[in-house]
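J.: Show me how the following folds:
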Amino acid sequence: MTRPARISASLVFLLALATIAVQVPLTYQDYGSLGATLWRLGWFFTLLTNAMVCASFGLMSIRGQSLSAHWLGGLTLWILIVAIVYHTLLAHLFNETGLRWWTDLGFHTAIPLATALYWLAFAPKAPLPWRAALVWLWWPILYCVYAMLRGLGSGEYPYPFLDLNDLTLKQTAINIVGLSVAFYLGGLGIIAIARAFRR
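T.: Residues are numbered from 1 along each chain as shown. The predicted structure is shown next:
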């Protein structure tokens, strides 16, 4: 990694770490124990994906070596979808204030934007096969399976578009397919941009 790339990776890491570090005590206030807090935070695609960003950029900043083009491309796709889904489908459901507003901004806007800018400026863009867009679906599909199984056990669901209390199984399945298509098309876009940069 070049020095600017390593510094930039460190800044993304610190941004993600600070946002998570503020969110944990805020959630702790509501649930009263560390175990319950982590269990709650580990329910959301947003938090899990932001944690992936934090760990990935932390590793790069410590080692001074970039992660693979395949991983960084997928990571950028996933965190951008976090931002897009939130701002198009979920933002109107929340009216956060104070520190919660700041963490909301961090998770859904600042970290996705910082990750995308890093990817554009510094990430390796080795020729990625078009099938990578299909491979990158493993994370959202795995998450949906996890969220639905956990929801069936608890009776609660993390997102309205996965909520079997309000939706039929068919409607939920259609939503999952729609999200998968969005991830796939987004992945094709990431690959197309990477190939354009290579040229």
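
J.: so where do the helices sit in the protein?
T.: 3-31, 34-41, 45-63, 69-85, 98-105, 111-121, 132-135, 138-154, 169-198 (DSSP state H).

J.: Please identify the most buried of the ones you listed.
T.: Comparing the helices of the chain by mean neighbour count (mean count of other Cβ atoms under 10 Å), helix 69-85 comes out on top with a mean of 21. (Glycine included, C-beta is placed from N, CA and C.)

J.: Just name whatever secondary elements that one is in contact with.
T.: Contacting helix 69-85 under the criterion 3 or more Cβ pairs under 8 Å, 6 or more residues apart in numbering; DSSP states H and E are the following elements: helix 45-63, helix 111-121, helix 132-135, helix 138-154, helix 169-198.

J.: Any chance of those in TSV with distance to residue 12 and mean pLDDT as columns?
T.: Shown next, in TSV, are the helices and strands packed on helix 69-85 (distance: least, Cβ to Cβ, whole Å; pLDDT from 0 to 100):
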stretch	distance to residue 12	mean pLDDT
helix 45-63	4	97
helix 111-121	5	97
helix 132-135	22	97
helix 138-154	19	93
helix 169-198	17	93
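
J.: Kindly reformat the ones you listed as JSON lines containing distance to residue 15.
T.: Below are these laid out as JSON lines (distance: least, Cβ to Cβ, whole Å):
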{"stretch": "helix 45-63", "distance to residue 15": "9"}
{"stretch": "helix 111-121", "distance to residue 15": "6"}
{"stretch": "helix 132-135", "distance to residue 15": "26"}
{"stretch": "helix 138-154", "distance to residue 15": "21"}
{"stretch": "helix 169-198", "distance to residue 15": "21"}
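
J.: so who does residue 103 touch?
T.: Neighbour list for residue 103: 19, 22, 23, 26, 96 [criterion: Cβ atoms under 8 Å, 6 or more residues apart in numbering].
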